[in-house]
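Student: one predicted model, sequence on top.
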Amino acid sequence: MFKKFCCIENADMSRYSTIKLGGHVRWLLFPRDEVEFVEAYQISKKAGYEPVVFGNGSNILFDIDFFDGVVISTRYLGRIERLEDARVSVGAGVNLFLLNSKLAQMELGGMEWSYGIPASLGGLIYMNGGAFGSEIKDVLESVTVFDGEKIFELKQEHLNFSYRNSGLGKLTVLGGVLRLFDKDSSKILETMADVLEKRKNSQPYEKPSLGSVFKRVQASEVLYPAKMIDSLGLKGVKIGGVEISTKHAGFIINSENGTAEDFKSLVELIEKKVKQKYQIELEREVIYLSERSRR
């Protein structure tokens, strides 16, 4: 069915996850451009499968032992094209390490805050990712999306961005146009180095993880899950081979060949303890394949 595509059958998804754990999927597809992406998606639908799309595997937990379906990667949607007026057209699959390096070469600033985030641009746009007081919506001019039938462009002002939410719902991000500004490459590289150093000093950067597990709580005052988890004395708590980072309580790391079930059990423990003490239900940033496949 997928012979014309770059396709892996019975793919081990732990190889495509930044936390290095997860089950297998029946078909993993790697379209080489947007045309192939649409074709792969529509062939999957006609065969009765609801495709699950992912980028760099930094925000999704492949929590099904064997997913009898189709997973499509945006990895090869790798366009980086400079436009006029300090604008850049970028494919959804471009990872943020590469993007920042290319922008430094182009002498375009505005994305340095994202350096070191192990994500692709598509995922960053979809969740309105951010760091150090900046969010992708601040530099996003437009986004190219796919609704299951056609590809079209949406202007930033027509989207309902909020904290860790783009409002894109069931739409798939295929790329975006960033509006940046001219900046000397040496200054960009200096800022990138500073940002990366901050990450390494405050996060368990050397360990496999899915980044921040929970969203901030938007109450009368902003509440930080990491502080609540720390206050409960949960730093270093393990279930199986995963544990709550002792460096940053908002991260769960794969320290000893953990499993997806270990991860989910530790998340449930955190949610239960936080609710008991603070009467707050935490909302996850991490997406589970078991939930995404039911969209």
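Tutor: Arrived safely.
Student: quick check: the closest residue to A86 other than its chain neighbours vs G48, distance?
Tutor: Leaving aside its sequence neighbours, A86 sits nearest to L180 (CB to CB, 6 or more residues apart in numbering; 4.9 Å). The C-beta positions use only the backbone N, C-alpha and C, and glycine is treated the same way. The gap separating L180 from G48 is 43 Å, by CB to CB, to the nearest Å.
Student: just want to know which of those two has more residues nearby.
Tutor: L180 (19 against 8; other CB atoms under 10 Å).
Student: check contacts around that one.
Tutor: Listed by CB atoms under 8 Å, 6 or more residues apart in numbering, the contact set of L180 reads A86, R87, V88, L103, L108, G109, G110, M111, V139.
Student: want to throw those into JSON lines with pLDDT?
Tutor: Supplementary listing: the contacts of L180 in JSON lines, determined by pLDDT from 0 to 100:
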{"residue": "A86", "pLDDT": "98"}
{"residue": "R87", "pLDDT": "98"}
{"residue": "V88", "pLDDT": "98"}
{"residue": "L103", "pLDDT": "98"}
{"residue": "L108", "pLDDT": "98"}
{"residue": "G109", "pLDDT": "98"}
{"residue": "G110", "pLDDT": "98"}
{"residue": "M111", "pLDDT": "98"}
{"residue": "V139", "pLDDT": "98"}
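Student: take the residues you listed and keep only those in strands.
Tutor: The strands, defined by DSSP state E, take in R87, V88, L108, G109 from the contacts of L180.
Student: what's opposite the last one in the beta bridge?
Tutor: For G109, the beta-bridge partners are F181 (DSSP bridges).
Student: what is the burial count for it?
Tutor: By the measure other CB under 10 Å, the count of residues near G109 is 19.
Student: isn't it right up against S185?
Tutor: No - with contact defined as CB atoms under 8 Å, G109 and S185 do not form a contacting pair (9.3 Å).
Student: ok, then the element right after the element among helices and strands of the chain having the smallest mean pLDDT?
Tutor: Lowest mean confidence among the helices and strands of the chain (mean pLDDT, DSSP states H and E): strand 217-218, at a mean of 86. Once the chain leaves strand 217-218, the next helix or strand it forms, by DSSP states H and E, is strand 222-223.
Student: report the buried residues of the following helix or strand past that next one.
Tutor: Counting by DSSP H and E, the element after strand 222-223 in chain order, helix or strand, is helix 225-231. Counting neighbours by 16 or more other CB atoms under 10 Å, one finds that the buried residues in helix 225-231 are P225, A226, M228, I229, D230.
Student: and the nearest residue to the first one once chain neighbours are set aside, what are its bridge partners?
Tutor: What that stands for is P225. Nearest residue to P225 in three dimensions, chain neighbours excluded: F214, at 3.9 Å (CB to CB, 6+ apart). Beta-bridge partners recorded for F214 (DSSP bridges): R284.
Student: confirm for me that F214 is in contact with G250.
Tutor: Yes - in terms of CB under 8 Å, F214 counts as a neighbour of G250; the distance is 6.5 Å.
Student: neighbour count: those two, which is higher?
Tutor: Between F214 and G250, counting by other CB under 10 Å, G250 is the more crowded of the two (25 against 22).
Student: quick check: that one touching V213?
Tutor: Yes - the criterion here is CB under 8 Å, and G250 meets it with V213 at 6.2 Å.
Student: common neighbours of the two, please.
Tutor: P225.
Student: name the residues contacting each of F214 and G250.
Tutor: Jointly contacting F214 and G250 under the rule CB under 8 Å, 6+ apart are P225.
Student: please, which helix or strand holds I19?
Tutor: If you go by DSSP H and E, I19 is not part of any helix or strand.
Student: again, but for K273
Tutor: Using DSSP H and E, K273 falls in helix 260-278.
Student: can I get the contacts of L180 in JSON lines including distance to S209?
Tutor: JSON lines is the format used below for the contacts of L180 (distance: CB to CB, whole Å):
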{"residue": "A86", "distance to S209": "34"}
{"residue": "R87", "distance to S209": "33"}
{"residue": "V88", "distance to S209": "29"}
{"residue": "L103", "distance to S209": "25"}
{"residue": "L108", "distance to S209": "29"}
{"residue": "G109", "distance to S209": "28"}
{"residue": "G110", "distance to S209": "27"}
{"residue": "M111", "distance to S209": "22"}
{"residue": "V139", "distance to S209": "26"}
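Student: all strands for the stretch 101-250 of the chain, in order.
Tutor: Under the criterion DSSP state E, counting those that start in this stretch, the stretch 101-250 of the chain contains strands at 108-109, 130-131, 134-135, 140-146, 151-155, 172-179, 181-182, 209-212, 217-218, 222-223, 238-239, 242-244.
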